[in-house]
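*Asks:* Need the 3D shape of this:
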Amino acid sequence: MTPATLERSRSADVDQPRAALPSSAAATLLLAGMVAVEFSGASGVLEGRVPVSPFLALLALGLLVVVGRCLVQRVAVPWATVGAVSTYVLATALSSQLADLDGVAFLRTGVEPDWGSAAVLGVLKELVFVVVVCLLASGLRRWWLVAAAMVLPMAAICLLGALNEWVLGNTATFGGFETVTTAEGVGVVTKRHAGPLPDANFWGRFLVLGLPFALALVQECLQRGRRLLALVPLGCLGALLVGVYLTGSRGTMLAALVGAGLYLLLCGLDRRVLAAGAVVVVPLLLVLPGVGSRLLSMLGVAESGQLAAVDGSVRERIATQTVATKMIQDNPLTGVGPGGYFARFPDYASATDLHLERIVAPHNLYLGLWAEIGLVGLLAFLSILAVALWQAGWVLRALPSLPSADAARLRPYAAACVAGLLAWCAASVFLHLTYARIVYLVVALAAALATQARARGAHRVPRPPRHRTPAYAVPLAAAGAALAALVVTSLPQPAHAHVVGYLEPQSSSAYLLSLRTREVTAPTYAVLTSVASGRTVDAQGDPASGLVSVSAEAETPEQADRLARDATAAGDAAVRRAGLDTLFRTRWGTVTTWRETPGRSEVAAAMTIGAVLGAALAHARTILAAVRPRRRPDHPDHPQRPRHPHRPTEQP
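*Replies:* Got it, this is the predicted structure:
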């Protein structure tokens, strides 16, 4: 080799851009194994049964493979994803230091715990996990293998659940991979199955995250013309849907609809066809026993309007979310500390009049994170999801710049990442954060898809030129916001009156009866008060405290006060007519009245609507041009161009 050739090769090595790591059999199989272990729940089932944790063993092997491959080739690290997860680690550590949960627990129990340090260490392990998965998948060619490793184990577990429900009578556990929970629910027609997890709701969140990847496998088989092979992922898709049904989880059912609809939309299905399909499918689902009855139970309030008559799980969620909201009000920025929700729960729950029989998580990921690690930590966690969605969305927008074969190979899985993450976010409205490694896997896959697309020369295809924003758009938006705020604050606000009464037992037997029938005593007296007043007021009975509260609304405080007093008098008369005054009599307190003022949220919503309307007015010409139907060339009003522009047209 001549010196000039050697110099050129050295310069080429220096100037070579960082590319995705080429796929190897060891890396592919290891990645598929990590995906299968996490999505099948095998890591939790085998924990304690084997000498080494499956998660830690696979993570160590993956780290060794990644380090070995990085020593021989330059690595394209997805710094955006790594930076987002690192920010989340730092936010968790900051919250742990400021909250000092270990010191609080030590003062209570005399035992030195490690809640804060354990939470930070767990998030640090998840950071290493994300980096390892990103680098293992950066040069992956067989994306179907990872999707199959995700879908097949869950489909098999769902089939075991169906076999257990309709054949074996829910008597088998299949080694811990098929859990039949004791949880009940309004509108459920089967036992609630949780797969390898202890809670059916969390297993449902696994399923909705994998559902779009089953659709991706179906699409890839159809693209390759293998229609018979497509029956396998179609069967897995059906098994996953059966698993969603057997969870009996309302949030899971709604999130499954979100995930499937988003995937079909991102893969190019016409919106009108999708809307027509939704019009047909959704009513059929609502009449299906166990689906419609379960979803409609979310609106299941008794005819009397008593909150105590709502589904017990809904009541419990409302109560725990109220506790989380109080934690947020006291510690808005850094929270009560990672894992501190359960430690601080007794203090906050005792300060409320809510009926709570146990310490329960807030059933809302966003409220739970905000309460534990504050607004800073919540935004850091959401940045992880936002970066993943941006990367997968960038791949979808950049696909036209790639060869057709590469675009067809990457599109289903980029769409599955977007749809799966958004479905997981929708399901997390009803659940707190746990089993986070499954979502981190999809986050890492989205980063690897973006890395691979850039390595192949993908670039974002420019959109058609847009109309320039008029100079008066900002003033019009500001004027609309100011006008809306002025209108909201100047509107007459109603007056409210509120009075609380407690049930006074008339005998010792009545007192004992109240202890045994606490769930129905106070609501019964509240219903009598509401019915006797002609339902002009809202009367609620709280089983926990035994209080009956009456709220009235009118144009003036005097009218509201009169309504509340008349309602209490009518309620006492109704109690006497029913003969219930021999058990309890309601001793009413003082009526308080006030005039309502528009809250900050209402003013903010009005200002937002006003700003949008002002901006729309500024772009009125553009909007009209977009919605105006174009005239066809054969339309009589369409200007006809001469066939030969250089020759004058002949006059008849």
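*Asks:* and this protein, what are its domains?
*Replies:* 25-455, 473-489+599-622, 492-595 (automatic domain parsing).
*Asks:* any idea which of those scores lowest on pLDDT?
*Replies:* Note on the domains of the chain: lowest mean pLDDT is at domain 473-489+599-622, with a mean of 78.
*Asks:* chain center to it: distance?
*Replies:* 29 Å (C-alpha atoms, centre = their mean, to the nearest Å).
*Asks:* now stretch 369-389
*Replies:* Distance of stretch 369-389 from the chain centroid (C-alpha atoms, centre = their mean) equals 13 Å.
*Asks:* Now it - C-alpha only, CSV.
*Replies:* Backbone C-alpha positions of stretch 369-389 (Å, rounded to 0.1, in the frame of the first residue of the first chain) are rendered in CSV as follows:
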residue,chain,number,x,y,z
LEU,A,369,-45.4,10.8,39.7
TRP,A,370,-46.2,14.4,40.4
ALA,A,371,-47.0,13.6,44.0
GLU,A,372,-43.8,11.5,44.5
ILE,A,373,-41.1,13.3,42.5
GLY,A,374,-42.8,16.6,41.8
LEU,A,375,-43.4,18.5,38.6
VAL,A,376,-39.7,18.4,37.7
GLY,A,377,-39.7,14.6,37.8
LEU,A,378,-43.0,14.3,36.0
LEU,A,379,-41.7,16.5,33.1
ALA,A,380,-38.5,14.4,33.0
PHE,A,381,-40.4,11.2,32.7
LEU,A,382,-42.7,12.6,30.0
SER,A,383,-39.6,13.8,28.1
ILE,A,384,-38.6,10.1,27.7
LEU,A,385,-41.9,9.3,26.0
ALA,A,386,-41.9,12.6,24.0
VAL,A,387,-38.4,11.8,22.6
ALA,A,388,-39.5,8.3,21.7
LEU,A,389,-42.6,9.5,20.0
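*Asks:* What residues sit buried inside it?
*Replies:* Neighbour-count burial for stretch 369-389, with 16 or more other C-beta atoms under 10 Å as criterion, is recorded at 369-385, 387-389. The C-beta positions use only the backbone N, C-alpha and C, and glycine is treated the same way.
*Asks:* do stretch 484-491 as well
*Replies:* 484-485, 488.
*Asks:* List the contacts of it.
*Replies:* 598, 602-603, 606-607, 609-611, 613 (C-beta atoms under 8 Å, 6 or more residues apart in numbering).
*Asks:* Skipping its backbone neighbours, what lies nearest Gly62 in space?
*Replies:* Val132 (4.2 Å; C-beta to C-beta, 6 or more residues apart in numbering).
*Asks:* ok, and for the helix or strand where the one you found lies, which residues are buried?
*Replies:* Assigned by DSSP states H and E, Val132 belongs to helix 115-137. By neighbour count with 16+ other C-beta under 10 Å, helix 115-137 contains the buried residues 115-116, 119-120, 123, 126-127, 129-137.
*Asks:* Which of those sits closest to Ala578?
*Replies:* Distance to Ala578 across the buried residues of helix 115-137 (C-beta to C-beta) is lowest for Trp115, with 52.5 Å.
*Asks:* Show residues contacting stretch 171-178.
*Replies:* 40-42, 45, 157, 160-161, 163-164, 179-180, 193, 195-196.
*Asks:* In it, which of the residues would be classed as buried?
*Replies:* In stretch 171-178, counting by 16+ other C-beta under 10 Å, buried: 174, 177-178.
*Asks:* Check the contacts of stretch 484-491 for burial and list the buried ones.
*Replies:* Counted by 16+ other C-beta under 10 Å, the contacts of stretch 484-491 give 603, 606-607, 610-611, 613 as buried.
*Asks:* now Val360, what's its secondary structure?
*Replies:* Following DSSP: H, G, I helix; E, B strand; the rest coil, Val360 is assigned to coil.
*Asks:* Give me the neighbour count for it.
*Replies:* 18 (other C-beta atoms under 10 Å).
*Asks:* just Asp406 next, same as before
*Replies:* Neighbour count for Asp406, taken as other C-beta under 10 Å: 16.
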